[in-house]
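S.K.: sharing a sequence plus its predicted fold:
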Amino acid sequence: MLARVRTFLAATLAVFSLAQAESGGATESPKGLVIDYNRLMSAQQVDAFTKISTELREKTGCILTAALLDNMRGIDARKDAGMFAESWLDGTGTECEASIYVVQKQRRMLVVTLGTAKQIIPEATSETLVQEVLVPAFRKEHYGEGVLVLGARLASEIARAKGTSLDIDESLFPKEEPMSIRGWIFIVAVFGLLIAFGSKGRRFGFFDNMKKLLSVSEIEKSQWPGIFRDTFGDNLVSAFISGRCLTEGFDALATPWTINFILKDNSPAEIAKLEPFQKRARRDNVEFGKFYSPAEIIRTLDTNPLEYLHIANRNYPLCGIRPLDGFTPHRDALRQQCERELRDILEHLRGEHAKKFPGSAQESIQEIFPILYGVFFLQTGSYPENHQQVFERFPGIGEGDTADAIETILGNIAS
């Protein structure tokens, strides 16, 4: 009997999935300022966005665009978005653009600015706006509202910098369209299917994703900073997020946030104090990473200079001090580590494994980025802001033979 119920619900779900599907193609605004492949914005929201962009251009010469895509094939979202925005800008006759770029399958959300807009809205400001506006809105499935409000905030920033203002009232923005009867039936079918499969429904990740902390600001506002302070007391120097969690392409729905610690005493007994919180951490999409001590860091400065370079330049402290603030690695130690790790990857790419599994070259590109950040620092004296700067510095990566590109980089390091 239960098997029949499951079959019936699965069939019902399939029927309503087809009923919900609409004809292919993207929704595009009349003036070509919005491209919406998955129709996340209503026609009224697209019109409101177009009106803001039109007024912005009339008063400042800048334009506002939005590209809501389904999927992307490149490995560098910001680079792809920049190319997308540049092709857009070429046909507008202006030299100032702010573009909202969303890729639904990869869950990538970012803002690209070109021309004078780049000076008005630096990357740090746009990323803050994305975290404060777009992430919470998308979490509630208010896609159109999120894009519209973010567009309004970007346009207002540009107008203010240009010495003018826009006639924008966010309270009048079109809201998400109410759920149709057909939509409600579809939702009921989905819930029925999940219930019919019982505990197996968890494989969909539906219930887990409702609990997850999906942004840095959510972690900061959660109870975790207080838990760390109460657990470690005066022994806590710093609890911070760093590394891959703060780089482009990080997917908080697929990968937990890693929190690292600096403790005056990082003995096993001290670390074990977090054991009672492991279950809660898994539920909240958090994991505990490395536990450093000041003495250990000093002892290994020349052993792990690349690791400490990343921590010092890309971190988000949740409580305590900013980790390794002002740290600069010894250049010879950093050079030796970068060379050693690049040669290991090169040997891997030239080996039999790479010949049997061509996809390993693409995986190596992801592995090489942390090392190239170190090489970038060696050559310029500054830490790169994003992958795009690394691509521009080392153009052979991702375009031709990765092994040849690494050999060229190794030659430059040695010289």
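M.R.: That came through fine.
S.K.: quick one: the strands in the stretch 301-415 of the chain?
M.R.: Remark: strands assigned in the stretch 301-415 of the chain by DSSP state E, counting those that start in this stretch are 315-320.
S.K.: sorry, wrong one. I was asking about the chain.
M.R.: Counting by DSSP state E, the chain has strands at residues 27-28, 34-36, 63-69, 96-103, 108-115, 236-242, 257-263, 286-292, 315-320.
S.K.: what mean pLDDT would you report for the last one?
M.R.: Along strand 315-320, the predicted local confidence has a mean pLDDT of 95.
S.K.: next one: the shortest one
M.R.: For strand 27-28, mean pLDDT rounds to 61.
S.K.: Leu213 against Ile219, yeah?
M.R.: Yes: with contacts counted by CB atoms under 8 Å, Leu213 reaches Ile219, the gap being 5.1 Å. C-beta here means a position set from N, CA and C on the backbone, and glycine is covered the same way.
S.K.: quick revisit: tabulate the strands of the chain in a markdown table, adding columns for distance to Ala137.
M.R.: Formatted as a markdown table, the strands of the chain follow (distance: least, CB to CB, whole Å):
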| stretch | distance to Ala137 |
| --- | --- |
| strand 27-28 | 18 |
| strand 34-36 | 15 |
| strand 63-69 | 13 |
| strand 96-103 | 11 |
| strand 108-115 | 10 |
| strand 236-242 | 22 |
| strand 257-263 | 20 |
| strand 286-292 | 23 |
| strand 315-320 | 22 |
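S.K.: I'd say Gly146 and Leu134 touch.
M.R.: Yes: using CB under 8 Å as the test, Gly146 is close enough to Leu134 to be in contact (4.8 Å).
S.K.: picking up where we left off before, which one of the strands of the chain lies closest to Arg335?
M.R.: Set against Arg335 and scored by CB to CB, these come closest in strand 236-242, at 22.3 Å.
S.K.: so, low pLDDT: which residues of the stretch 251-400 of the chain?
M.R.: Scanning the stretch 251-400 of the chain for pLDDT under 70 picks out 352-366, 398-400.
S.K.: now with 90, please.
M.R.: 251-255, 344-369, 385-400 (pLDDT under 90).
S.K.: where exactly do the helices run in it?
M.R.: Secondary structure of the stretch 251-400 of the chain (DSSP state H, counting those that start in this stretch): helices at 268-271, 278-284, 294-299, 305-313, 331-350, 352-356, 359-380, 387-393.
S.K.: which residues sit against the fifth one?
M.R.: Just to be clear, that refers to helix 331-350. 301-306, 309, 354, 360-361, 364, 367-368, 371, 374-375, 377-378, 402-403, 406-407, 409-410, 413-414 (CB atoms under 8 Å, 6 or more residues apart in numbering).
S.K.: and the buried ones among these, selectable in ChimeraX?
M.R.: Restricted to buried positions by 16 or more other CB atoms under 10 Å, the ChimeraX selection for the contacts of helix 331-350 reads:
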select :304,305,306,309,354,360,361,364,368,371,374,375,377,378,402,403,406,407,409,410,413
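S.K.: between Leu213 and Ile219, which contacts overlap?
M.R.: Contact criterion CB under 8 Å, 6+ apart; residues bridging Leu213 and Ile219 by contacting each: Trp257, Val286.
S.K.: of all the helices of the stretch 251-400 of the chain, which one is nearest Gly61?
M.R.: helix 387-393 (25.0 Å).
S.K.: what residues of the closest one count as buried?
M.R.: His387, Gln388, Gln389, Val390, Phe391.
S.K.: contact partners of it?
M.R.: With CB under 8 Å, 6+ apart, helix 387-393 has contacts from 76, 78-79, 82, 247-248, 369, 372-373, 376, 379-380, 384, 397-398.
S.K.: run the chain-centre distance for it.
M.R.: How far helix 387-393 lies from its chain's middle: 17 Å, per CA atoms, centre = their mean, to the nearest Å.
S.K.: partners of Cys96 in the sheet?
M.R.: Counting by DSSP bridges, Cys96 is bridged to Gly115.
S.K.: who's in contact with it?
M.R.: Thr60, Gly61, Cys62, Ile63, Leu114, Gly115, Thr116, Ala117, Ile158.
S.K.: determine which two of those are furthest apart.
M.R.: Pairwise over these, using CB to CB, the maximum falls at Thr60 and Leu114, 13.9 Å.
S.K.: who's more crowded, these two?
M.R.: Between Thr60 and Leu114, Thr60 has the larger neighbour count (other CB atoms under 10 Å), namely 22 against 19.
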